[in-house]
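Chemist: Quick one, fold the following:
(one chain, ligands or ions: 2)
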Amino acid sequence: MQTQVQNESIEIAIERAKLYGMLKYLPDGRLTHAPFSLSPYSISAADMQEMTELTSYFSELMIHVSQDWAFLDQYLSPISESDPFLKMLLDQREREVTQSKQLLVQRNDFFLIRDELSNCGQDSSSSDGDTSASALRQVELNTVSASFPFLITQLSRLHQNLFEQNMMEQIVPNNPLGPVVDAFAKAIQHYGSTDSIMLLVSQPAESNRFDQLGLEQLLWDKYKIQTMRKTLTEIYENGSLREGHLILAGKLVALTYYRAGYTPDDFRTSEALKGRQLIEASSTIQVPDLPMQLAGMKKIQQVLTRPEILSAFVSKEISQRFLKTFAAMHSLDEIIETPDGELRASAWAAKNPDKYVLKPQREGGGNNYFGRDIPIKLSDMQPEEQVAYVLMEKIEAETHPAILVVNGNAETLTSVSEIGRYGICFADNGVVESNEDVGYLVRTKAENVNEGGVCAGFACLNSLTKA
Ligand code: ADP
Ligand code: MG
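Modeler: Residues are numbered from 1 along each chain as shown. Ligands and ions are numbered 1, 2, ... in the order given. Here you go, the predicted model:
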């Protein structure tokens, strides 16, 4: 039960959230506020610093991996035999006009694990001489459609405002939106043409529209750069090539920002595929380009947890810091050490489903298997499909009580918080030109909820506070 005072603060917070444009569409088309929390997640200065420092190294890793087509092909081609979506993506390679300029806008997501776990030296935190453990566990790094730069920046304004009215504690300042917009403007200006625009590739029915709209608006307000928003099908129907440039409604598209194209649902029609092909055939700067999108695949994440593979891309020191944040990941046919002796990872996970998450090569939430769905899925799977999945150790995140406000209703629940760090990196032919951490995302959800989609209503936007 909320107290009277709490009820009033919640009303005030909801109204202000709407004022700041923290909005989302409900399935019936009505607008509501994006889910948010009124209990910032407390983090130690050391964890915060490590997470922030690692951002640019992870961006650099993604740039280097994206430059190594043979490596991507080695691990992704076998999967494409049973995964038509991945095959379609790999096939785009032939049509791609290689851009020397790369712009990566990524978000690297972590949980903090419970204290007793972080202190007991997990087998996943391979330390190689360095015995200090880390509480950070990477969930995944998003190289495509890293969402929420606008909504989370607005939430930070809301939380700051409530703090100034003595209704909340002080939060860690956060504004990833500004740097993301600045990076887009810089890339567009670099492309050369004064009158060129940004193309935002959108899904046909986008419930998270306001996160995109806020970004488009700032790009216009600050730089007078226009954004055109189109689905892949519309891009095929309305787009054309002129001297290698992508042209839409008479305007030259300098930069194409994907907020779609990461799921087979976005390619239901053959026109949508042709839309992607048109983009690939042009010289527009793609955020992300195809190899960078592929570098963010879960199979690539899994193979990079192997120290001997990781060390080909980063220095020894950075590799050690990365490894401490990795949860154990396996291919299904891998033979692993278990308390029952050496077993196939799939057999062990089928017996211990609560210890794992089973993941296909998909983005955007709702695709993973948890708990008892794991043995069911494993037994349904055709043998040739197995390569398309990876097993990841389930991260037991630290819990904390949090007030969660969803669609006008507030509840206090035992929750877990996933922290993402946004990174922006410019590179030219794989040589990094600028690289920075630009802020964070926190998504807080009830501890018993497996997936974490904000717009699906599971997770609530949140801020950090210093412990
Ligand atoms: P997607 O690309 O669909 O976002 P993720 O790997 O980020 O896939 O998984 C979606 C959500 O599932 C995460 O935000 C997190 O809440 C949960 N999740 C994923 N991996 C793990 C894990 N190893 N342990 C615990 N929860 C996880
Ligand atoms: Mg994710």
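
Chemist: quick one, longest strand in the chain?
Modeler: strand 409-428 (DSSP state E).

Chemist: by contact count, what packs against whichever helix or strand comes after that strand?
Modeler: Counting by DSSP states H and E, the next helix or strand C-terminal to strand 409-428 is strand 431-446. Counting contacts by 3 or more CB pairs under 8 Å, 6 or more residues apart in numbering; DSSP states H and E, strand 431-446 is packed against helix 45-66, helix 149-164, helix 177-191, strand 399-406, strand 409-428, strand 460-462. Where C-beta positions appear, they are placed from N, C-alpha and C, glycine not excepted.

Chemist: Run through who's touching the helix or strand that the first one is followed by.
Modeler: Note on helix 45-66: by DSSP H and E, the next helix or strand toward the C-terminus is helix 69-80. Applying CB atoms under 8 Å, 6 or more residues apart in numbering, the contact partners of helix 69-80 are 65-66, 86-87, 90, 93, 291, 294-295, 297, 299-300, 303, 361, 387-388.

Chemist: what's the answer for stretch 225-235, then?
Modeler: For stretch 225-235, using CB under 8 Å, 6+ apart, the contacting residues are 184-185, 188, 197-204, 212, 215-216, 219-220, 238-239, 248-249, 251, 253, 260-261, 266-267, 269, 271-273, 275-276, 278-279.

Chemist: what about the residue nearest to the spatial centre of the chain, distance to ligand 1?
Modeler: Centroid check for the chain by CA atoms, centre = their mean gives Asn142 as the closest residue, at 3.2 Å. Noted for Asn142: a distance of 7 Å to ligand 1, by CB to the nearest ligand atom, to the nearest Å.

Chemist: By the neighbour-count criterion, which of the contacts of helix 69-80 qualify as buried?
Modeler: 65-66, 86, 90, 291, 294-295, 297, 299-300, 303, 361, 387-388 (16 or more other CB atoms under 10 Å).

Chemist: In the stretch 251-400 of the chain, what residue comes closest to ligand 1?
Modeler: Distance from ligand 1 to each residue of the stretch 251-400 of the chain (CB to the nearest ligand atom) is smallest for Ile395, at 3.6 Å.

Chemist: picking that back up, format the helices and strands packed on strand 431-446 as CSV; extra columns: distance to ligand 1.
Modeler: Output for those, formatted as CSV (distance: least, CB to the nearest ligand atom, whole Å):
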stretch, distance to ligand 1
helix 45-66, 15
helix 149-164, 15
helix 177-191, 19
strand 399-406, 13
strand 409-428, 5
strand 460-462, 12
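
Chemist: Relative to Asp109, which of the ones you listed is closest?
Modeler: strand 409-428 (4.4 Å; CB to CB).

Chemist: Out of the helices and strands packed on strand 431-446, the one nearest Glu317 is which?
Modeler: helix 45-66 (9.6 Å).

Chemist: Could you list the buried residues of the closest one?
Modeler: Those buried within helix 45-66 under the rule 16+ other CB under 10 Å are 47-48, 50-51, 54-66.

Chemist: Just give the number of residues close to Arg344.
Modeler: Arg344: 16 surrounding residues under other CB atoms under 10 Å.

Chemist: Who does it form a beta bridge with?
Modeler: Ile335 (DSSP bridges).

Chemist: Enumerate every residue touching it.
Modeler: Arg344 makes contact with 332-336, according to CB under 8 Å, 6+ apart.
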